[in-house]
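# Structure for the following, please:
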Amino acid sequence: MTVILFTVMAISSSPAEVLAEPDSMTIARLQYDGGGDWYANPSSLPNLLEALSQRTGLPVARREANVTPLDPALRDYPYLYMTGHGDVVFTPAERVALREYLLSGGFLHADDNYGLDESFREEVRQIFPDAELTEIPPDHPVFSTFYDFPDGLPKIHEHDGEPPQALGIFVDGRMLVFYSYESDLGDGWEDEGVHEDTPKTREDAIRMGVNLFLFALGQAAS
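This next block holds a predicted model:
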């Protein structure tokens, strides 16, 4: 395990604001249109936040925030998470807002919950026509930020039985989007018994979630 020390803050917050509101750091869940269940896995993010608090000592909230792409508060969150089983559709204005958020220091983790893939890839193409989703190699720092994953993204759920893929959008060397495909980390973050995952599977999912959150904070602070 690689241990790191962070001085972190939300993208638009000053250090004084962070100290004055110690539980203001959280994950934002993206609410979108198109018919997909953006609200899937309701216990996942609270469990990940609890793990972050216990394992890293970071001052995080107990619950996630829900935001839309046009929410003025979007830039307050360095880690934006989206999931679902169905279609996702953004309006032209929402695509512009998401592009600006990501280019200005934000980070999007899209977690395919089996059914999101086709529409998400199409939306990414429209948001970043000048960049492509590319495979993230196992030696990328996101896989060793706190916990080591020498083989890259862990496999949490079977889905189509294909190997898990970590895909990213990079601009000027910075990762703007992390797409976990054929893995389903959010299912592994859920309460024990919801998906009957083994303790090791749930631990792998939590550890990868901790890495992703810390990686996003490190980018926001740099």
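# can you pull the buried residues of the lengthiest helix in the chain?
Identified as the longest helix of the chain according to DSSP state H is helix 199-221. Residues of helix 199-221 classed as buried: 201-202, 204-220 (neighbour count, 16 or more other CB atoms under 10 Å). All C-beta atoms are positioned from the backbone trio N, CA, C, and that covers glycine.
# What of stretch 111-121?
Counting neighbours by 16+ other CB under 10 Å, stretch 111-121 gives Asp111, Asp112, Asn113, Tyr114, Gly115, Leu116, Asp117, Ser119, Phe120 as buried.
# wait, which of those is closest to Ser180?
Nearest to Ser180 out of these is Asp111 (CB to CB; 4.9 Å).
# can I assume the closest one sits in a helix?
No - the assignment for Asp111 is strand, going by DSSP: H, G, I helix; E, B strand; the rest coil, so no helix is present there.
# contacting residues around the closest residue to it other than its chain neighbours?
Distance criterion CB to CB, 6 or more residues apart in numbering; nearest residue to Asp111, sequence neighbours excluded, is Thr83 at 4.5 Å. Contact analysis of Thr83 by CB atoms under 8 Å, 6 or more residues apart in numbering lists Trp38, Ala40, Asn41, Ser44, Ala110, Asp111, Asp112, Asn113, Leu116, Gly186.
# Using a markdown table, lay out these together with distance to Leu153 and pLDDT.
Conversion of the contacts of Thr83 to a markdown table gives the following (distance: CB to CB, whole Å; pLDDT from 0 to 100):
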| residue | distance to Leu153 | pLDDT |
| --- | --- | --- |
| Trp38 | 22 | 97 |
| Ala40 | 19 | 94 |
| Asn41 | 17 | 93 |
| Ser44 | 16 | 97 |
| Ala110 | 13 | 98 |
| Asp111 | 11 | 96 |
| Asp112 | 11 | 93 |
| Asn113 | 15 | 91 |
| Leu116 | 16 | 93 |
| Gly186 | 13 | 95 |
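# mind giving me JSON lines with those residues and columns for distance to Asp139?
Output for the contacts of Thr83, formatted as JSON lines (distance: CB to CB, whole Å):
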{"residue": "Trp38", "distance to Asp139": "32"}
{"residue": "Ala40", "distance to Asp139": "31"}
{"residue": "Asn41", "distance to Asp139": "29"}
{"residue": "Ser44", "distance to Asp139": "27"}
{"residue": "Ala110", "distance to Asp139": "22"}
{"residue": "Asp111", "distance to Asp139": "22"}
{"residue": "Asp112", "distance to Asp139": "23"}
{"residue": "Asn113", "distance to Asp139": "27"}
{"residue": "Leu116", "distance to Asp139": "27"}
{"residue": "Gly186", "distance to Asp139": "25"}
